[in-house]
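A.B. asks: here are the coordinates; sequence isn't available:
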């Protein structure tokens, strides 16, 4: 059997699907999240007694050998595709196990979302009673998110008449599982017209869920720490197209979160043409040190994206910067027009944007080299020299051509 495993063959665990992507061999002395996932799965199958610490050491090697022996596989001591598939099939078979004597809340705070015990608790939970308020730890809430990702078929649904797939995915998860706001019957019917299943899930699975609109992309955010909603770290971001968390350091984080910032929305309605009424709730962008921070308005986020238009797709740069009347043509005119006429930024918002962009590498043309933005460059760019004294590091006027 080839080592490359086709992930649709896995059925029991979303975590194992994450391990399977691109898998060749996982062996000692590997370390990381993929190892921890395998350790947890083997522990659920009573093959591993140690702590799932993410270190592929002697105990993990021995557990893999025991499991391979029990399934008639070659006792390699490392994980290949055949062994991973066998683990997944064993987890499926474990659905026949009786529930333990642990209370339902104990299970929801300790068992992984893919286990049969967890599934039995969810099935028996009263449909009208939301589970989320009963969960007292972030880890337990993360497991419920994983369960929701498993039972939702967003990543498997072939949209027939909806072009913007990522928005369709995010809207479907929001409409079905968000406790933020219920769509009216007309909006739900309109979702169906564009092949989006917006039928609300049972109340027990409704959670504090937002839609995220980033630069040219949409996905979802779950508020797992309600004590600090002003911090992006209080949310877990989920990509519904592959049911994976979007976490710092990953390519998705760098592309869709860190570089261009994110805006969290509630979905208020869907009209007969399939157009969505998204209402912004919170906005986050990265400062010059790479730290995600809240900003005072959606306009600030969108203006910061305008400043990075040269890093967007070429058609965007051509449309917004090149193909304009003479008075608005060029990067400088584009930025000034966006700040003044489109987003109508107040002085406070212009200063907030400036503090965030100063120190970041930017450019005014796709063919130019990046230059670190200074306070002097910024006030010259937006033609607001009167704001210079309120920005850190400002010294004197600079020629706009240096931008």
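C.D. replies: Done, it's in. Remember, it's a predicted structure, so these values are computed and weren't measured experimentally.

A.B. asks: Flag the shaky bits of this protein, pLDDT-wise.
C.D. replies: Applying pLDDT under 70 to the chain picks out residues 1-25, 50, 94-102, 153-164, 394-403.

A.B. asks: domains for it, by residue range?
C.D. replies: As assigned by automatic domain parsing, the chain contains the domains 7-95, 97-148, 154-294, 299-402.

A.B. asks: For the stretch 1-150 of the chain, just list every one of the helices.
C.D. replies: Using DSSP state H, counting those that start in this stretch, the helices of the stretch 1-150 of the chain run over residues 14-20, 33-44, 58-70, 81-93, 104-110, 116-124, 138-151.

A.B. asks: Turn the domains of the chain into a markdown table, columns for mean neighbour count.
C.D. replies: No exception for glycine: its C-beta is placed from N, CA and C like everyone else's. Listed next are the domains of the chain as a markdown table, based on neighbours: other C-beta atoms under 10 Å:
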| stretch | mean neighbour count |
| --- | --- |
| domain 7-95 | 18 |
| domain 97-148 | 16 |
| domain 154-294 | 18 |
| domain 299-402 | 16 |
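
A.B. asks: In this structure, mark out all the strands, start to finish.
C.D. replies: All strands of the chain, identified by DSSP state E, fall at 209-214, 217-223, 235-239, 244-246, 262-270, 276-286, 292-294, 361-362, 371-372.

A.B. asks: If you drop the residues flanking it in sequence, what lies closest to residue 30?
C.D. replies: residue 56 (4.3 Å; C-beta to C-beta, 6 or more residues apart in numbering).

A.B. asks: Tell me how far the one you found lies from residue 64.
C.D. replies: 9 Å (C-beta to C-beta, to the nearest Å).

A.B. asks: do residue 196 as well
C.D. replies: Taking C-beta to C-beta as the measure, residue 196 falls 42 Å from residue 64.

A.B. asks: Over to residue 290?
C.D. replies: For residue 290, the distance to residue 64 equals 38 Å [C-beta to C-beta].

A.B. asks: same deal with residue 324?
C.D. replies: Applying C-beta to C-beta, the value for residue 324 to residue 64 is 61 Å.

A.B. asks: now swap in residue 211 and tell me
C.D. replies: According to C-beta to C-beta, residue 211 stands 40 Å off from residue 64.

A.B. asks: Let me see the contact set for residue 372.
C.D. replies: The neighbours of residue 372, taking C-beta atoms under 8 Å, 6 or more residues apart in numbering as the test, are 359, 360, 361, 362.

A.B. asks: Surely the second one and residue 285 touch.
C.D. replies: No. Using C-beta atoms under 8 Å, residue 360 makes no contact with residue 285, being 10.2 Å away.

A.B. asks: Which neighbours do these two have in common?
C.D. replies: With C-beta under 8 Å, 6+ apart, residue 360 and residue 285 have no common neighbours.

A.B. asks: Now do the same contact list for the nearest residue to residue 246 once chain neighbours are set aside.
C.D. replies: Leaving out its chain neighbours, the residue that sits closest to residue 246 by C-beta to C-beta, 6+ apart is residue 237, at 4.1 Å. Residue 237 makes contact with 212, 219, 220, 221, 222, 245, 246, 247, 253, 257, 262 under the criterion C-beta under 8 Å, 6+ apart.

A.B. asks: can you check residue 282 too?
C.D. replies: Residue 282 is in contact with 210, 229, 230, 263, 264, 294, counting by C-beta under 8 Å, 6+ apart.

A.B. asks: Can you tell me how far the fifth one is from residue 284?
C.D. replies: Taking C-beta to C-beta as the measure, residue 264 falls 8 Å from residue 284.

A.B. asks: before we move on, what about residue 314?
C.D. replies: 27 Å.

A.B. asks: same check, this time on residue 224
C.D. replies: 15 Å.

A.B. asks: ditto for residue 131
C.D. replies: Residue 131 is 27 Å from residue 284, by C-beta to C-beta.

A.B. asks: and residue 118, what does it touch?
C.D. replies: Neighbouring residues of residue 118 by C-beta under 8 Å, 6+ apart: 107, 108, 111, 112, 143, 147.

A.B. asks: Same list (those) but as JSON lines, adding distance to residue 206.
C.D. replies: Below are those laid out as JSON lines (distance: C-beta to C-beta, whole Å):
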{"residue": "107", "distance to residue 206": "20"}
{"residue": "108", "distance to residue 206": "15"}
{"residue": "111", "distance to residue 206": "21"}
{"residue": "112", "distance to residue 206": "22"}
{"residue": "143", "distance to residue 206": "16"}
{"residue": "147", "distance to residue 206": "13"}
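
A.B. asks: just those now: which is nearest residue 175?
C.D. replies: Compare each of these with residue 175 using C-beta to C-beta and the shortest gap goes to residue 147, at 18.0 Å.

A.B. asks: Please give me every residue in contact with the nearest residue to that closest one once chain neighbours are set aside.
C.D. replies: With sequence-adjacent residues excluded and distances taken as C-beta to C-beta, 6+ apart, residue 147 is closest to residue 113, at 4.1 Å. Shown in contact with residue 113 (C-beta under 8 Å, 6+ apart): 14, 143, 144, 146, 147, 150.

A.B. asks: before we move on, what about residue 304?
C.D. replies: 260, 261, 285, 353, 356, 357.

A.B. asks: ditto for residue 260
C.D. replies: 214, 215, 285, 304, 305, 308.

A.B. asks: try 7 Å this time
C.D. replies: 214, 215, 305, 308 (C-beta atoms under 7 Å, 6 or more residues apart in numbering).

A.B. asks: Can you give me the distance of residue 278 to residue 144?
C.D. replies: Residue 278 sits 25 Å away from residue 144, going by C-beta to C-beta.

A.B. asks: where exactly do the helices run in the stretch 251-400 of the chain?
C.D. replies: 251-253, 298-307, 314-317, 331-337, 347-357, 375-381.

A.B. asks: Of all the ones you listed, which one is nearest residue 35?
C.D. replies: helix 251-253 (20.6 Å).
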